[in-house]
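Asker: Let's see this in three dimensions:
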Amino acid sequence: QVQLMESGGGSVQPGGSARLSCVASGSFWRINEMAWYRRAPGKQRELVAAITIGGSTNYTDSVKGRFTISRISRDAVKNTIYLQMDGLRPEDTAVYYCNADATRLDLQRDVYWGQGTQVTVSS
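Answerer: Residues are numbered from 1 along each chain as shown. Take a look at the predicted model:
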């Protein structure tokens with residue numbers, strides 16, 4: 001079982017910056033990949049950025065060059081990811097969700113979600 005604790009977000013002016021954090025903890029064998037998704041009002045949830053256990057990253061086109069995902073693995077059972085968001089635009093307004101793809105202790109893979117954190121970009 002993986003617990004995801006998100007923090008950060010809030011209200012930001014256009015062009016500003018914000019940083020989201022997500023700590024994964026619990027009882028599992030390994031975190032394979034972590035990611036940030038977002039759901040804007042009236043839209044479907046979309047992948048924003050992802051990072052694998054090996055450090056490979058993937059971004060949706062609209063955030064490339066503006067957002068940076070990074071990961072710290074402090075030990076075998078605690079992982080933290082960050083999403084540094086620069087040059088924020090009103091269209092980045094959404095609820096941002098942390099996501100983790102983990103291998104459980106029974107060696108089965110499963111997907112976990114955080115509760116979400118609101119980011120509002122407005123003047």
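Asker: Adjacent strands (with direction) for the strand or helix carrying N79?
Answerer: According to DSSP states H and E, N79 maps onto strand 78-85. Using DSSP bridges, strand 78-85 pairs in its sheet with strand 18-26 (antiparallel), strand 67-75 (antiparallel).
Asker: Give me the contacts around the first one.
Answerer: Where contact means CB atoms under 8 Å, 6 or more residues apart in numbering, the residues beyond strand 18-26 that reach it are 1-10, 12, 31, 34, 36, 77-85, 88, 96, 98, 100, 102, 112, 114, 117, 119. Every residue, glycine included, has its C-beta placed from N, CA and C.
Asker: Which of these fall within helices?
Answerer: In helices, defined here by DSSP state H, there are no members of these.
Asker: Show the buried residues in those residues.
Answerer: 2, 4, 6, 8-9, 12, 31, 34, 36, 79-83, 85, 88, 96, 98, 100, 102, 112, 114, 117, 119 (16 or more other CB atoms under 10 Å).
Asker: So G55 belongs to a strand, correct?
Answerer: No. Read with DSSP: H, G, I helix; E, B strand; the rest coil, G55 is coil and lies in no strand.
Asker: Check the burial of the closest residue to it other than its chain neighbours by counting its neighbours.
Answerer: Distances taken as CB to CB, 6 or more residues apart in numbering put R71 closest to G55, at 7.0 Å, once the chain neighbours are dropped. Neighbourhood size, R71 [other CB atoms under 10 Å]: 18.
Asker: is R71 in a bridge, and if so with what?
Answerer: I81.
Asker: What residues sit buried inside the helix or strand bottoming out on mean pLDDT in the chain?
Answerer: Across the helices and strands of the chain, mean pLDDT, DSSP states H and E gives its lowest value to strand 67-75, namely a mean of 83. By neighbour count on 16+ other CB under 10 Å, the buried set for strand 67-75 is 67-69, 71, 73.
Asker: Relative to R45, how far out is the most centrally placed residue in the chain?
Answerer: Among the residues of the chain, the one closest to the centroid is W36, at 2.6 Å (CA atoms, centre = their mean). Distance, W36 to R45, by CB to CB, to the nearest Å: 11 Å.
Asker: which residues do those two both contact?
Answerer: Shared contacts of W36 and R45, counting by CB under 8 Å, 6+ apart, come down to Y97.
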